[in-house]
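Asks: What would the 3D arrangement of this be:
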Amino acid sequence: MPRAFTRLAFSPAVKAAQARYGARAHGELLEKRDPPRDSLNADLSAFIAASDSFFIATASRDGWPHVQHRGGPAGFLKVLDDRTLAFGDFSGNKQYITTGNLAENDRVMLFLIDYERGRRLKIWGRASVIDDDPALFRRVSDPDYPAEVERVIRIAVEAWDLNCRQHFPKLVRARN
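Replies: Predicted coordinates for the structure are as follows:
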């Protein structure tokens, strides 16, 4: 089975660009490499559980992209199972671009960065906005975090990939 992210990301235009710049053979190797990376493993679940920040990319029906930062206490992005993530959506800038985009285009990409260890995780999936599911709200809530969960974003994972560490800034968090 081919790598799942290549089925999603390697469009004909991407393959043409790879060929034009001499990287198509590398792309073909990635396409054939096992495992498929279409479900989360224990290592990735631990990485996600330790994260207190990520970026979420959505696009409108017309294709206009939007990237938004999400932050909270470590582990606020929950691994519900090996193919499902969820997070509590806290009050923010009141623009609702992410939730509006998801109403007409459910495709998302999450980008998690661990600057200290030089790891970047990309997760492709399909997301839904959940406004009324008390059990799910309880599952994503953190009683020690002061922000209230206004809605839940649930993501069905379709693929993931870890980025290379080349050109990666090593940053160390300031400890309070």
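
Asks: Which parts of the chain belong to which domain?
Replies: As given by automatic domain parsing, the domain ranges for the chain are 1-36, 37-162.

Asks: so which of these gets nearest residue 172?
Replies: domain 37-162 (5.8 Å; C-beta to C-beta). Every C-beta, even on glycine, is put in place using the N, C-alpha and C of the backbone.

Asks: Quote the end-to-end distance of that closest one.
Replies: With C-alpha to C-alpha, to the nearest Å as the measure, domain 37-162 spans 10 Å from end to end.

Asks: go on, stretch 36-52?
Replies: Taking C-alpha to C-alpha as the measure, stretch 36-52 stretches 27 Å from start to finish.

Asks: Stretch 59-72 now?
Replies: End-to-end distance of stretch 59-72 (C-alpha to C-alpha): 23 Å.

Asks: Which residues are in contact with residue 51?
Replies: Contacts for residue 51 were tallied using C-beta atoms under 8 Å, 6 or more residues apart in numbering; they are 74, 75, 77, 112, 114.

Asks: pretty sure the second one is touching residue 47, no?
Replies: No - here residue 75 does not reach residue 47: they are 11.0 Å apart, not a contact under C-beta atoms under 8 Å.
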